[in-house]
Each structure stands twice: as C-alpha cells, then as structure tokens.
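Q: Next come a sequence and a model predicted from it.
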Protein chains: 2
Amino acid sequence: MSSRTRLANEAWEALLGAHAELMRRFAAAELWQEISMREYDVLYSLARAERPLSLVELNRHVLLSQPALSRMVERLADRGLIHRERSSDDGRSVRLSLSARGAELQRRVGLAHGREVGVALSDRLDRGELEDLARLCRRLSSEPARVAA
Amino acid sequence: MSSRTRLANEAWEALLGAHAELMRRFAAAELWQEISMREYDVLYSLARAERPLSLVELNRHVLLSQPALSRMVERLADRGLIHRERSSDDGRSVRLSLSARGAELQRRVGLAHGREVGVALSDRLDRGELEDLARLCRRLSSEPARVAA
DNA sequence: CTAACCTACATGCAAACGCATCTAACTTCT
DNA sequence: AGAAGTTAGATGCGTTTGCATGTAGGTTAG
C-alpha cells in the first residue's frame, strides 16, 4: 500500500469520524419533532433548487435508495409539505417542489439547525480552516476527475 | 447570520456532499456480498481496538442507535464473526472482539475497500491536501473545544 | 444494610429501509 | 411505424432501524 493510499484512507476515516460525531450532535437537538433530519434533507434540497426537481435529481442529493426516497416523498406530499405533479414534458417524471407550508418549515428548522452547525464548526475551526475544509470537500464531490482519453 | 456562521454552514454542506457521494460510490462496489458496509464498520472498529470493547464503547464509533447496534452485534455473533462474552468486571457489560473468521473477513474486505478509498480520494487530492483534510476533520471530531472557565 | 438511583444491554413494536421487480413512458434502431 | 431497449417512478416483501421500555448489575446516600 502506497503512502498516498494510506493518506487517503486516513483522510477518509477522519471525514467519517467527523461526520458521525457531528451528526450525533445535531441529531440530539430538540428540533426534529416535526420532521426528521432525513426529511429535512429533502426539504432543504428542494429549497436550494429553485426549479422543481425529479425524483432522480433529488436522489442525487439525498443518500437514500430510489424506492425509499419515493416513499419519503409520498409521505411528505401526504403531509402537505411538498407538491408532486406529473411532468408535462416527460410523462414518467414527477416535478417535486416545496409547498408554502414546506418552505416555511424548512426555513424555520433550517435557521435553528444552521445556528447549531455554525457553533459546532466555528468552535473548532477558524475562518481560513472552514474555507479550506469546504474547498477540499467540494473537490471530493464535484465532477469526476476525468482522464484525457 | 455572521459570515463565520455562513462559512461553517458551507463547510458542513460540502462535507455532507462529499460524504454522500463517496458513500454511494463505495457502496456500489461488488464487495459487500458477505457483509454490509455498516457491518464492516463494526468489524473495523473492533479490529482497530486491540482490546475487547463494550457495546457503549463500540457505539461511539458506529453511527447507530444502541438497540440497533445491540442487534447487529447479535447477528454478527450468530454468524460467528465476533465473540460476545459477559464481562467479569462488570456483569452488565459485554466484551466484544473479532473471531478468527471475523478478523479474516475484515482484513479481506478492508484491503479491497481501502484500495477503492485510495483511488477515489487520491484522484482528486494530492498528498498535502489529503493531510490537510485529515487534520481538519480530526479537529472536528476530537475532544470538545472546552472553554477555559 | 438497603432503598433510590444510575448504567449497560436487551426486547416489543411500529416505521422506514433496501432489493428485486413491475408498469408505464420515452428512445433508438431497422 | 414497430420491436427492442432504456429510464422514471411505484410496489411487494423481508430485514433493519429507532423509540420506548424492561431487566439486571452496580453505585450512592441515609
């Protein structure tokens, strides 16, 4: 195993550890009574993307299987938090967007959650480090590093 | 919302994105036939910690509820991958450790998985960046930044 | 000593998940 | 245009999860 591979594995393990610990911490908040963190993730993804998303598009942001997301979307629609209508362009596809209630809930929960995120990370990293972390993580999730053919 | 808080939230979102995308990629490997990624996480945690761990200790590394972990441990023990014995010191506690079969499986799967992790991260970050990422993430998951009283 | 409390783990149960598969709507190729 | 192939989403079903709670061992205080 090359030293580069070792470094990569250490970085991945560190990232997993940070993810797990912070998720635990955020999940402990008395904030997820109305919606779970996973449901919030769906609302947040829809809020971010001004235009309606299809299930497949939404699924790129939400770490769930397609069937699980399909059912979660159904539950959120039943609760009146999101709109789900069949696309006119493509009869297979659905157009998912926040309802007014869903948008309000997302804003309200997002505000409180965002404060906690801010505290948790700012406590441990300064501005420059936060920027570095964001940059490095974005590099990991952006388009694949395609090799020239 | 202060700019520091905004930076923290951007960093957290970037970290979540990287986590989700890489998890997806790793999960797609034809490698998780014998054990799931979550089960591997348990075996890996036990492999790391040379001494036997209690459920509570193990639970610090594994992002699952205590009851869910308790049952996963039960399944892994039933499959002969880990040993579970009552602690002599503390009659409430269990001592969890890898069996020979579990250790072998962890090594085998870990080797292949580690290669994938290496490729995925090394493709996008150089040595210095991998070190930076590891350092920043460890800062996020190490002991709380206690404020002097 | 023992009653009250706390901690570690297990268990009942409903909700949610993933896998396999289905249906229906596009797309492509001849 | 029609058959074959692909893609979007939904559904059946067994497994796994989390919440609430139970049980038992250990600790503390009167």
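A: That came in fine, so what should we check first? Numbering: from 1, shown residues only, chains lettered A, B, ... in the order given.

Q: Could you use CA atoms for every contact and neighbour count after this?
A: Fine.

Q: ok, which stretches of chain A are strands?
A: Using DSSP state E, the strands assigned to chain A run over residues A:82-86, A:94-98.

Q: Tell me the helices and strands packed up against the last one.
A: Judged by 3 or more C-alpha pairs under 8 Å, 6 or more residues apart in numbering or on different chains; DSSP states H and E, strand A:94-98 is in contact with helix A:37-48, helix A:55-61, strand A:82-86.

Q: So is the second one next to chain B?
A: Yes: Helix A:55-61 is in contact with chain B by C-alpha under 8 Å from any C-alpha of the partner chain, via residue A:61.

Q: can you pull out the helices in chain A?
A: Secondary structure of chain A (DSSP state H): helices located at A:3-27, A:37-48, A:55-61, A:66-78, A:100-122, A:127-141.

Q: separation between the residue minimising distance to the centre of chain A and residue B:54?
A: Centre of chain A computed as the mean C-alpha position; nearest residue by C-alpha atoms, centre = their mean is residue A:41, 4.7 Å away. Distance from residue A:41 to residue B:54, counting by C-alpha to C-alpha, to the nearest Å: 33 Å.

Q: Go through the helices and strands packed on strand A:94-98 and name the closest to residue B:113.
A: When the helices and strands packed on strand A:94-98 are compared for distance to residue B:113 using C-alpha to C-alpha, the nearest one is helix A:55-61, at 22.5 Å.

Q: List the contacts of that closest one.
A: Helix A:55-61 is contacted from outside by A:42, A:45-46, A:65-66, A:69-70, A:93-96, B:17, B:20, using C-alpha atoms under 8 Å, 6 or more residues apart in numbering or on different chains.

Q: buried residues in that helix?
A: Of the residues in helix A:55-61, those scored as buried under the neighbour-count criterion (16 or more other C-alpha atoms under 10 Å in any protein chain shown) are A:55, A:58-59, A:61.

Q: Farthest-apart pair in those, please.
A: Within the buried residues of helix A:55-61, two members stand farthest from each other by C-alpha to C-alpha: A:55 and A:61, at 10.2 Å.

Q: still on that earlier bit, which of the contacts of helix A:55-61 come close to DNA strand C?
A: For DNA strand C, the contacts drawn from those by C-alpha under 7 Å from any atom of the strand are A:65-66, A:69.
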